[in-house]
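*Asks:* turn this into a model:
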Amino acid sequence: MQIKRGLSALMLLFLGWPAGAQEQPESRFRFGGFGTLGLAWNSTDQAAFIRDVSQPRGATRTPDGRVDSRLGLQGDAQLTGTLQATLQVVSKYRYDATYTPDITWAFLGWSPQPEYRFRFGRLGVESFMNSDSRDVGYTYLLVRPPMEVFGVVPVTRLDGLDGTGTFAAGADSTLRFKAFFGQASEKMPLAAAGTATVLDLAGDRVQGLIAELQTGSWRARLGYAGLQIRTGFPAAVTNLQNGLETFARLSGNPQLVQTADALDFTGGTLGSYTAGLAWDDNPVQGQAMLACFRSDRDMLPRGWAGYVSAGYRLGKVVPYGLWSRVASESRPGLYLQGLPPAVAAQIRTLVDTFASSQSTAAAGFRWDFLAQADCKVQVERVQGSLPTRLWAQPQPGWDGRATVVSAVLDFVF
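*Replies:* So this is what the prediction gives:
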């Protein structure tokens, strides 16, 4: 709370975008913004296509502008020779089905030496390569970061601190190390316990480490990000857990007691271990990444995800291709015998909320028709299986297959 009060005052000073804005050499302030206007169409009405797990609704056979459209404003102030301040506000479709603007970045940065930088406040979580700029569509080749990797992680920002050290590692190489620590501040929809509710991640602990090597046209990255669940689940879930535990103890069935204990996620830890490789040697560019997800609770997500993408520049147009996949590990069976059918169904829904198994093959092109704007068109063929948390409102009997067509206009100013 103190972080929010102390840094929200920066909003009164500036809003802008540092990378895309034109700088004034003598100015200590930089202003600008970024945005995406998008439409997505999905070949099925049996499930709604979403960009990530924070979105409660998505695209069906009616073209939808909510999935990718967003607008951001950002500002930087050079307060002293070593102290900087940054504020970023983004409006996009979010967990409560509104476009209420969120403060996504609000931090003070301190650089005592050129190779070191420390930041305090609200920061982007660099879980994956380029993930802290995922809202700025102009900065990446695809219509959107691959859902199977970026979309399954609910935490994109933290309230805390990070530190970065960048060092020369040869004539044409640099080595970067980064550590971050803080608390999550986001919410996400959770279809569990037979009802739609919201999972509040505020207060959950976030930490991570990154090592990255840039040499010539190549960039290699290793990373770890962890989330410790401290806040507990919404009442719709905890009431189900408590009711099951009471029923189990009254019945004297030890197997039902074990099932009730297995549904208690508080104190559990989720971790992602990632390796990434990127290359950009005009006209060829591409990326590849592999992530392994682990947890210390049987009911929390475990599995792996990865993607590979490549593009080839032809003047102002870059045709590209993508393949991505996520796969959850098999979960231990839960003992549900003797429970009322409605309660057993609610427990299965809760457990299935964290499952995901899906692959996507996509092709598209990016056209840089202006210096600070691009147009992208992308066609995706998705193949998955139920249960899944990668789609909104998947219907029983859906075969997990769909074709998604997207068109976006990205810009910075």
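*Asks:* tell me the mean pLDDT over the helix ranked longest in the chain?
*Replies:* In terms of residue count, the longest helix belonging to the chain (DSSP state H) is helix 235-251. For helix 235-251, the mean per-residue pLDDT is 77.
*Asks:* now do it: distance to the chain's middle.
*Replies:* 32 Å (Cα atoms, centre = their mean, to the nearest Å).
*Asks:* other SSEs contacting it?
*Replies:* With contacts taken as 3 or more Cβ pairs under 8 Å, 6 or more residues apart in numbering; DSSP states H and E, helix 235-251 sits against strand 187-192, strand 195-200, helix 254-262, helix 341-352. Quick note: C-beta positions are derived from backbone N, CA and C, even for glycine.
*Asks:* how about it: buried residues?
*Replies:* Under the neighbour-count criterion of 16 or more other Cβ atoms under 10 Å, helix 235-251 has 236-238, 240-241, 244-245, 247-248 buried.
*Asks:* which stretches in the stretch 101-250 of the chain count as strands?
*Replies:* Using DSSP state E, counting those that start in this stretch, the strands found in the stretch 101-250 of the chain span residues 102-110, 116-124, 157-168, 173-184, 187-192, 195-200, 205-215, 218-228.
*Asks:* excluding its backbone neighbours, what's nearest A59?
*Replies:* Once flanking residues are discounted, A59 sits nearest to A40: 4.0 Å by Cβ to Cβ, 6 or more residues apart in numbering.
*Asks:* count of neighbours near the one you found?
*Replies:* 27 (other Cβ atoms under 10 Å).
*Asks:* surely it touches E380?
*Replies:* No: counting by Cβ atoms under 8 Å, A40 stays clear of E380, with 9.5 Å between them.
*Asks:* identify the contacts common to these two.
*Replies:* Both A40 and E380 are contacted by 404-406, under the criterion Cβ atoms under 8 Å, 6 or more residues apart in numbering.
*Asks:* tell me which of these fall in helices.
*Replies:* Of those, none are assigned to helices by DSSP H.
*Asks:* out of those, who has the most neighbours?
*Replies:* Of all the shared contacts of A40 and E380, S406 has the most neighbours under the rule other Cβ under 10 Å, reaching 26 neighbours.
*Asks:* can you list the weak-confidence ranges in the stretch 101-250 of the chain?
*Replies:* The stretch 101-250 of the chain contains residues with pLDDT under 70 at 191-196, 232, 236.
*Asks:* buried deepest among the helices and strands packed on helix 235-251, which one?
*Replies:* Highest mean neighbour count among the helices and strands packed on helix 235-251 (mean count of other Cβ atoms under 10 Å): strand 187-192, with a mean of 20.
*Asks:* doesn't M289 make contact with V149?
*Replies:* Yes: the criterion here is Cβ under 8 Å, and V149 meets it with M289 at 6.4 Å.
*Asks:* quick check: neighbours shared by the two?
*Replies:* Counting by Cβ under 8 Å, 6+ apart, the contacts common to V149 and M289 are 128, 306-307.
*Asks:* and the longest helix of the chain with helix 254-262, angle?
*Replies:* Angle between the axes of helix 235-251 and helix 254-262 is 160 degrees (criterion: axes from the mean of the first three to the mean of the last three Cα atoms, to 10 degrees).
*Asks:* count the neighbours of the nearest residue to Q55 once chain neighbours are set aside for me.
*Replies:* For Q55, ignoring the flanking residues on the chain, the nearest one in space by Cβ to Cβ, 6+ apart is Y93 at 5.7 Å. For Y93, the count of nearby residues is 22 (other Cβ under 10 Å).
*Asks:* thinking again about what came up before, take the strands of the stretch 101-250 of the chain and write them to CSV, including distance to G81.
*Replies:* Formatted as CSV, the strands of the stretch 101-250 of the chain follow (distance: least, Cβ to Cβ, whole Å):
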stretch, distance to G81
strand 102-110, 11
strand 116-124, 13
strand 157-168, 18
strand 173-184, 22
strand 187-192, 39
strand 195-200, 40
strand 205-215, 26
strand 218-228, 29
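*Asks:* D352: which of the ones you listed is closest?
*Replies:* Closest approach to D352 among the strands of the stretch 101-250 of the chain (Cβ to Cβ): strand 187-192, 8.8 Å.
*Asks:* which residue ranges of the stretch 1-150 of the chain form helices?
*Replies:* 2-8, 147-150 (DSSP state H, counting those that start in this stretch).
*Asks:* tell me which element M289 is part of?
*Replies:* Assigned by DSSP states H and E, M289 belongs to strand 284-295.
*Asks:* now do the contacts for the closest residue in space to T156 that isn't next to it in sequence.
*Replies:* Once flanking residues are discounted, T156 sits nearest to V125: 5.8 Å by Cβ to Cβ, 6+ apart. With contacts defined as Cβ under 8 Å, 6+ apart, V125 is in contact with 131-132, 155-158, 180, 206, 208, 225.
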